[in-house]
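**Q** sequence plus predicted model, see below.
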Amino acid sequence: MNSVTRHALHAPDFETVSNSLGAIVVVLLLVLLVGREMVRTAGGPRAGRRLRALAIFTVPLFLSFVVVEAARFVYVIF
Amino acid sequence: MDSADIEFLPARLAAARQRSLRAVGLAYVVAVAAAEASLAFANVAYGLGAHALVLLMLLCLAVLAPERAEPSAAGGKAHLDPLWILPVLALVPLLRIVSLTTPVPDLAPIYWYAATGAPMLLAVGLTMRFLGRDRVREMTGIAPSRMALSALWSPVQGSIALSGVPLGLVAYLLLRPEPLEPHPGPWFFVFGALILVVFTGLTEELLFRGLLQSVFVELFGEIGVLAAALLFATMYLGTHSVSFVVFAALVGLGFGVRVRQTGSLAGVILAHGLISVELFLVWPYVLG
């Protein structure tokens, strides 16, 4: 994490920046999840290893997504 | 094609695969550096989009790579398989994507390091599990037992760890960051130090010196240590400080060389943690 993150968070147009970045990451997560399903459907001898390789990225991105959404939810509630 | 050609075919295929992976590695370094430059000097969304594109392309190449023969038959090494190498390279774009999108303004800045570091530590752990204990040892030359903090009792690892003390002061003098918390309590320093050691020291060293450097050395030879250090430095372009980027490159290179020499990450993990702790929790309150 560096000053790019800080500047983005403290920018006056944070909502705009946040929406753009959030959209990119949600699309990325969706593409990876679709890719996982395609690999699972295609099968093959290395399907298990390919699925584990994709899980390296889908699991942390999903965790980040949950953290951000939970924080926003808490902010809205309280 | 005569019988001699057929005999050498697996070796030629292995050499061709290594050349292709080298080209991918070079293109990857350029693309990540360009994405970081875009983040730092142009448009944050374009930079993040570029990182997402690099990540997707690497994973497509890894997943779509053709089946290969067993290493012994191909005359090559098991870890030159794109399915093992490319996901490791994709961890750097993931680091930047997570570090830009996970922090939330309502959370105190010190907890941003935990919020962004936890998914990355998970990703690094999943990668090491995916590669397997033997492959991690084969790729990095580092036995998991030698990553343990018990290795710090050795004079060499202890001295590497202590190098973080002067380096932390130099880092502060170059960057002079604002205090993370205007009125900190004692628990802020305790939790803050723990968060910084685990989520910057441990995570970034496992990623850059543990996994990425090993892949680069495999692809480019010993010059891979320099490539990993330069990539590490590009991650600090966002500081907008030339001197700090040069400092990061030199520290990354020094750490990389010591890891290659000693076969242990323990010292550099603690040294990196000490640099971060001093940079954000010590010197801003002492000299700021």
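**A** Perfect, I can see it now. Since the structure is predicted, the reported quantities are computational estimates derived from the model, not experimental observations. Residues are numbered from 1 along each chain as shown, chains lettered A, B, ... in the order given.

**Q** just give me the residue right at the centre of chain A.
**A** With distances taken as CA atoms, centre = their mean, residue A:61 lies nearest the centre of chain A, 3.6 Å away.

**Q** which one is it nearest to, not counting chain neighbours?
**A** residue A:29 (4.8 Å; CB to CB, 6 or more residues apart in numbering or on different chains). From N, CA and C alone the C-beta is placed, and that goes for glycine too.

**Q** quick check: the one you found touching residue A:58?
**A** Yes. Counting by CB atoms under 8 Å, residue A:58 is a contact partner of residue A:29 at 6.8 Å.

**Q** list the residues that contact the residue nearest to residue B:127 when sequence neighbours are not counted.
**A** Distance criterion CB to CB, 6+ apart; nearest residue to residue B:127, sequence neighbours excluded, is residue A:56 at 5.2 Å. By CB atoms under 8 Å, 6 or more residues apart in numbering or on different chains, the residues touching residue A:56 are B:87, B:90, B:91, B:123, B:126, B:127, B:130.

**Q** and if we set it to 7 Å?
**A** The contact partners of residue A:56, by CB atoms under 7 Å, 6 or more residues apart in numbering or on different chains, come to B:87, B:123, B:126, B:127, B:130.

**Q** can you give me phi and psi for residue B:81?
**A** Here is the backbone geometry of residue B:81 (degrees, to the nearest 10): phi -70, psi 130.

**Q** so what's the residue count around it?
**A** 21 (other CB atoms under 10 Å in any protein chain shown).

**Q** pLDDT wise, what is it at?
**A** Residue B:81 carries a pLDDT value of 79.

**Q** name all residues that make contact with the residue nearest to the centre of chain A.
**A** If you count contacts by CB under 7 Å, 6+ apart, residue A:61 has them with A:25, A:28, A:29.

**Q** for the residues you listed, pick the one with the most neighbours.
**A** residue A:28 (24 neighbours).

**Q** what helix or strand is that one on?
**A** According to DSSP states H and E, residue A:28 maps onto helix A:14-42.

**Q** pLDDT on that helix, on average?
**A** Helix A:14-42 comes out at a mean pLDDT of 85.

**Q** same for it, what does it pack against?
**A** Where contact means 3 or more CB pairs under 7 Å, 6 or more residues apart in numbering or on different chains; DSSP states H and E, helix A:14-42 is packed against helix A:47-77, helix B:44-64, helix B:91-101.

**Q** quick one: work out the angle between that helix and helix A:47-77.
**A** Helix A:14-42 runs at 150 degrees relative to helix A:47-77, counting by axes from the mean of the first three to the mean of the last three CA atoms, to 10 degrees.

**Q** between helix A:14-42 and helix B:91-101, how big is the angle?
**A** Counting by the same axes, to 10 degrees, helix A:14-42 lies at 140 degrees to helix B:91-101.

**Q** buried residues, helix A:14-42. List them.
**A** By neighbour count on 16 or more other CB atoms under 10 Å in any protein chain shown, the buried set for helix A:14-42 is A:17, A:18, A:20, A:21, A:24, A:25, A:28, A:29, A:32, A:35, A:36, A:39.

**Q** how about these, which pair is most distant?
**A** Farthest apart among the buried residues of helix A:14-42 by CB to CB are A:17 and A:39. That separation is 33.1 Å.

**Q** anything in stretch B:195-203 near chain A?
**A** No. Under the criterion of CB under 7 Å from any CB of the partner chain, chain A is not reached by stretch B:195-203; the shortest gap measures 8.4 Å.

**Q** figure out the length between the terminal residues of that stretch.
**A** Start to finish, the residues bounding stretch B:195-203 are 11 Å apart (CA to CA, to the nearest Å).

**Q** returning to what we had before: so which of the helices and strands packed on helix A:14-42 is nearest residue B:115?
**A** Residue B:115 lies closest, by CB to CB, to one member of those: helix A:47-77, at 5.6 Å.

**Q** any idea of the mean pLDDT for the closest one?
**A** Helix A:47-77 comes out at a mean pLDDT of 87.

**Q** ok, now stretch B:275-288?
**A** Taken as a whole, stretch B:275-288 has a mean pLDDT of 91.

**Q** chain center to that stretch: distance?
**A** 23 Å (CA atoms, centre = their mean, to the nearest Å).

**Q** list of residues touching that stretch?
**A** Contacting residues not belonging to stretch B:275-288 are listed as B:164, B:167-169, B:171-172, B:175, B:177-180, B:189, B:192-193, B:196-197, B:200-201 [CB under 7 Å, 6+ apart].

**Q** from those residues, which land in helices?
**A** Counting by DSSP state H, the contacts of stretch B:275-288 place B:164, B:167, B:168, B:169, B:171, B:172, B:175, B:189, B:192, B:193, B:196 in helices.

**Q** what's the local residue count around the residue of the stretch 151-288 of chain B found nearest chain A?
**A** Evaluated by CB to the nearest CB, the stretch 151-288 of chain B has residue B:238 as its residue closest to chain A, separated by 3.6 Å. Residues lying near residue B:238 (other CB under 10 Å) number 26.
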